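Colleague: generate a structure from the sequence data that follows.
(one chain, ligands or ions: 1)
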Amino acid sequence: MIPSRVFYYAVLRISTRYVRGRVPAVRPAIRTRRDFSAEAKAIVFETNGKPLEVLKLHTFSLPDVTDDTILVKFLASPINPADINQVEGVYPTKPPFLTDEISSTTPLAIGGNEGAVEILEVGKSVTQFKPGDRAIMRHTLFGTWRTHAIANILDLTKVPFPSSDITAVQAATASVNPTTAYRMLKDFVEMKHDDWFIQTAANSGVGRAAIQLGRLWGLRSINVVRDRDDIDDLKRDLESLGATKVVTEDEIKDKGFRNTIKEWIGNREIKLGLNCTGGESTTNIARQLSTGGHLVTYGGMARKPVTVPVSLFIFKDIHLHGYWLTRWSDSHPDEKEQIVNEILGLLKAGELKDVPVDEVVWTADMSDQERLDAFKHGVERYISGSRGRKQVLVHK
Ligand SMILES: NC(=O)c1ccc[n+]([C@@H]2O[C@H](COP(=O)([O-])OP(=O)(O)OC[C@H]3O[C@@H](n4cnc5c(N)ncnc54)[C@H](OP(=O)(O)O)[C@@H]3O)[C@@H](O)[C@H]2O)c1
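Modeller: The predicted structure is shown next:
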């Protein structure tokens with residue numbers, strides 16, 4: 001029997017010659033799993049700074065698969081706010097700066113934390129995955145803005161559904177935002193059926209997940225968003241996900257609006273506030289909390305501090321918390337995997353709708369410059385305010 005590695009290289013050589021055009025342009029009957037090429041492309045940065053200035057495209061050779069490693073092809077990877085903060089150097093966790101591993105003489109970090117991959121090849125000791133399986137990143141800091149990688153089993157969580165049930169984009173965006181919403185609705189206060197929560201930036205990825213999980217768990221929500229020309233469309237959109245009420249930042253800052261909220265909630269309580277922004281909008285949702293309510297801050301999109309009137313502490317016994325999924329995931333790896341699987345199941349069942357997306361498309365025939373330009377265009381859309389549309393790198 002021909003050892004698989006010998007066979008593999010023999011076919012790879014044939015395939016490479018065909019690609020270079022030394023023989024007629026007819027593909028050989030036998031295709032290697034590495035027909036795509038043995039190189040990867042990634043969006044990297046050498047120094048922290050403004051993403052549009054420091055991001056560049058890097059091409060490097062992939063090491064061979066060893067007994068316990070896995071060759072993966074990326075299918076989709078979002079551009080999340082935390083990814084941008086890592087490029088800027090203002091996020092607490094930093095990606096590793098690599099040299100030899102990515103054929104670079106200067107240390108480079110590959111951007112991106114979330115992503116969905118297809119397994120192309122597994123080492124002979126790997127039994128958990130097989131070629132054709134799909135997986136998502138188990139941890140942050142893998143560097144997901146790239147075409148291919150060598151991973152190991154601890155890097156990946158299998159997606160237990162085919163692409164007909166869960167799209168690559170859904171899988172690639174399932175592990176961070178919905179899990180954050182899930183835990184925040186569970187971990188800070190016991191929410192009973194028909195209890196209310198209130199949140200800022202309700203059209204964010206996290207906010208949309210909170211609305212939908214809240215609906216599934218019988219909770220009611222007041223959802224604050226920034227005003228915009230098509231505000232009625234956004235209100236209808238969020239209501240279709242299960243938002244009980246959607247209001248603008250301007251509406252909620254009016255003192256008289258408190259009476260409207262009282263009419264909505266009746267004798268129920270607003271026990272929980274989820275804060276994605278900081279600044280005035282946060283102060284305004286804190287004011288709506290019932291006595292003993294909890295305000296959980298998980299994002300700072302407005303880049304302003306959380307300011308809460310003294311009276312809310314003294315007379316309403318409001319509690320302030322912070323939440324960081326990374327910290328929780330590090331201490332609850334198995335529970336995290338269970339929740340991600342539950343979320344994938346909800347996506348498959350159509351109970352959770354995926355976030356609106358702008359695809360940043362990479363195709364195999366694109367030049368390096370075209371890839372970089374397309375990616376930076378996505379970053380530009382993110383920076384200029386993508387109005388709740390997630391930018392996602394998609395490989396086609
Ligand atoms: N702590 C954690 O574990 C954790 C986990 C996941 C995410 N996060 C954080 O949660 C936040 C949202 O992440 P995401 O992926 O859900 O975001 P996303 O889908 O990209 O949405 C961003 C949201 O921020 C809003 N926004 C942007 N600039 C704003 C400003 N100046 N003032 C008020 N709102 C503003 C946007 O509203 P418009 O539509 O009006 O632009 C949109 O609703 C980020 O800060 C992220 O780092 C934290």
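
Colleague: care to break the protein down by domain?
Modeller: Following automatic domain parsing, one finds the domains of the chain at 12-169+355-395, 177-326.

Colleague: find the nearest non-adjacent residue to Lys336, please.
Modeller: Closest residue to Lys336 apart from its sequence neighbours, by Cβ to Cβ, 6 or more residues apart in numbering: Ser329 at 4.5 Å. (C-beta placed from N, C-alpha, C; glycine too.)

Colleague: before we move on, back to that, in CSV, list the domains of the chain along with mean pLDDT, mean neighbour count and distance to Lys336.
Modeller: Output for the domains of the chain, formatted as CSV (pLDDT from 0 to 100; neighbours: other Cβ atoms under 10 Å; distance: least, Cβ to Cβ, whole Å):
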stretch, mean pLDDT, mean neighbour count, distance to Lys336
domain 12-169+355-395, 88, 17, 8
domain 177-326, 97, 18, 7
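
Colleague: want to try TSV for those domains, with distance to Gly345 as columns?
Modeller: Putting the domains of the chain into TSV (distance: least, Cβ to Cβ, whole Å) gives the following:
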stretch	distance to Gly345
domain 12-169+355-395	8
domain 177-326	11
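
Colleague: and Ile343, which of those is closest to it?
Modeller: In terms of Cβ to Cβ, the element of the domains of the chain nearest to Ile343 is domain 177-326, at 4.6 Å.

Colleague: the residue nearest to Lys336 and the ligand: what is the separation?
Modeller: As for Ser329, its distance to the ligand is 9 Å (criterion: Cβ to the nearest ligand atom, to the nearest Å).

Colleague: what does the stretch 101-250 of the chain put close to the ligand?
Modeller: Counting by Cβ under 6 Å from any ligand atom, the stretch 101-250 of the chain comes close to the ligand at 176-177, 180, 201, 203-206, 226.

Colleague: contacts only, for the residue most central in space within the chain.
Modeller: In the chain, the centroid-proximal residue (Cα atoms, centre = their mean) is Thr173; its distance is 4.1 Å. Contact analysis of Thr173 by Cβ atoms under 8 Å, 6 or more residues apart in numbering lists 76, 78, 114, 205, 354-355, 357, 390, 392.

Colleague: nearest to Asp254, out of those residues: which one, please.
Modeller: Gly205 (28.0 Å).

Colleague: isn't the closest one up against Arg389?
Modeller: No - with contact defined as Cβ atoms under 8 Å, Gly205 does not reach Arg389; the gap is 10.1 Å.

Colleague: picking up where we left off before, restricted to helices, list the residues of the stretch 101-250 of the chain next to the ligand.
Modeller: When these are checked against helices (DSSP state H), the matches are 177, 180, 205-206.

Colleague: turn those residues into a markdown table, including distance to Phe315.
Modeller: Below are these laid out as a markdown table (distance: Cβ to Cβ, whole Å):
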| residue | distance to Phe315 |
| --- | --- |
| Asn177 | 34 |
| Thr180 | 31 |
| Gly205 | 35 |
| Val206 | 30 |
